[in-house]
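Peer 1: Below is the structure, and that's it, no one-letter string:
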């Protein structure tokens, strides 16, 4: 490290020790910090925070109740939500709201009917006699609340965030949006866009009703979307059966790409990449798309499904029917 970097890390470490000491009030630690910093005890105990503290309460049938004071409240909430939903995700909902100075989260798994999980947290300030609840500042909300919503979006089926927005509003408005990009050297260019509809109107009502009773409407329509994606996209990839297509996950999307070079020369300038990025969105109005919860497992399953189809492009090409022509891309 440079001297400036070393000083920065040392300052943060000392500030973190002072912050922790203000909470636990250990006399030995107070004396150690007096000697280390040259500050008086009253100065060390004056309110001054590096990360600040949160009081966190988690209750569910699985872990009964957890109460703790932490600086990393976002990370702890992510761990608790993932652990709770890991055994059963279908139909799961996460609902968040403000109850100043508290923030509340309710997680439910309707199929299991175990009462759900409740998470309550608030900013707190240590004093000589205990903890005082205080309202979170705008920086707390700016950096933390979206982060917690992100955690829920990659874990649950339905999420109501702190702005009272529920997503998705209607599972039958879910779409797979495929963006075609061409990368020449390091400059990406967005070429065309394809919107894949799961054709929910073609799913028999008795199947919809049966899956809805088991809280599986979302998984039913995602299966339909994946099938329609094969019909829509694979024929376009099959036009280049000799290209080395690669499929991988990128955050909450699936990417299919092929790198191609000139057969005569292999300069970087002649190298280009054709990429298809596949994202799950909700079409809230014609051509208007909102972000929706997307579980990592869902995108991994879609990746594996597409990999399987691409192994033999000829077999993967699903012939279109008269009432279901091969969708095409639209210019962006």
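Peer 2: Thanks, I have it. This is a predicted model, so every value here is computed, not measured.
Peer 1: Report pLDDT for the residue nearest to residue 279 when sequence neighbours are not counted.
Peer 2: Of all residues not flanking residue 279 in the chain, residue 253 sits nearest, at 4.7 Å (Cβ to Cβ, 6 or more residues apart in numbering). Heads up, the C-betas are built off the backbone N, CA and C, glycines and all. Note for residue 253: predicted pLDDT of 93.
Peer 1: again, but for residue 134
Peer 2: Residue 134 carries a pLDDT value of 90.
Peer 1: which one's the longest strand in the protein?
Peer 2: strand 272-285 (DSSP state E).
Peer 1: In it, which residues are buried?
Peer 2: Within strand 272-285, the residues scored as buried using 16 or more other Cβ atoms under 10 Å are 274, 275, 276, 277, 278, 279, 280, 281, 282, 283.
Peer 1: Could you tell me how many residues sit around the residue nearest to residue 279?
Peer 2: 18 (other Cβ atoms under 10 Å).
Peer 1: what's the answer for residue 71, then?
Peer 2: By other Cβ under 10 Å, 17 other residues sit near residue 71.
Peer 1: dump the residue contacts of it.
Peer 2: Neighbouring residues of residue 71 by Cβ atoms under 8 Å, 6 or more residues apart in numbering: 19, 51, 52, 53, 54.
Peer 1: any residues touching stretch 117-137, and which ones?
Peer 2: Residues outside stretch 117-137 that contact it (Cβ under 8 Å, 6+ apart): 22-23, 25, 45, 47, 52-60, 62, 69, 73, 77, 80-81, 84, 100-108, 140, 144.
Peer 1: what would the buried residues of strand 272-285 look like in TSV with distance to residue 153 and pLDDT?
Peer 2: What follows is these, written out as TSV (distance: Cβ to Cβ, whole Å; pLDDT from 0 to 100):
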residue	distance to residue 153	pLDDT
274	29	84
275	24	87
276	23	91
277	18	94
278	17	95
279	13	95
280	11	95
281	12	95
282	12	95
283	18	94
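Peer 1: just for the stretch 1-150 of the chain, where's the confidence low?
Peer 2: Under the criterion pLDDT under 70, the flagged ranges of the stretch 1-150 of the chain are 1, 15-16, 18, 21-22, 24, 44-50, 62-63.
Peer 1: All the strands of the stretch 151-300 of the chain, residue numbers only.
Peer 2: With DSSP state E, counting those that start in this stretch, the ranges of strands along the stretch 151-300 of the chain come out as 158-160, 166-167, 174-184, 187-197, 246-250, 253-260, 272-285, 288-291.
Peer 1: what's the least confident stretch among these?
Peer 2: Mean pLDDT values for the strands of the stretch 151-300 of the chain show the minimum at strand 187-197, a mean of 80.
Peer 1: just to revisit the earlier point, any idea how far the residue nearest to residue 279 lies from residue 214?
Peer 2: In this view, residue 253 and residue 214 are 28 Å apart by Cβ to Cβ, to the nearest Å.
Peer 1: Also residue 37?
Peer 2: Going from residue 37 to residue 214 by Cβ to Cβ gives 61 Å.
Peer 1: Against residue 124, how distant is residue 140?
Peer 2: As judged by Cβ to Cβ, residue 140 and residue 124 stand 12 Å apart.
Peer 1: With neighbour numbers in mind, choose between those two.
Peer 2: Between residue 140 and residue 124, residue 124 has the larger neighbour count (other Cβ under 10 Å), namely 19 against 15.
Peer 1: In terms of helix, strand or coil, where does that one fall?
Peer 2: Secondary structure for residue 124, judged by DSSP: H, G, I helix; E, B strand; the rest coil, is strand.
Peer 1: Mind listing the residues bridging to it?
Peer 2: Beta-bridge pairing for residue 124 (DSSP bridges): residue 53, residue 133.
Peer 1: how long is stretch 176-193 end to end?
Peer 2: Start-to-end span of stretch 176-193 (Cα to Cα, to the nearest Å) is 11 Å.
Peer 1: mind listing what's buried in the helix or strand hosting residue 146?
Peer 2: Using DSSP states H and E, residue 146 sits within helix 146-153. For helix 146-153, a neighbour-count test (16+ other Cβ under 10 Å) marks 148, 149, 150, 151, 152, 153 as buried.
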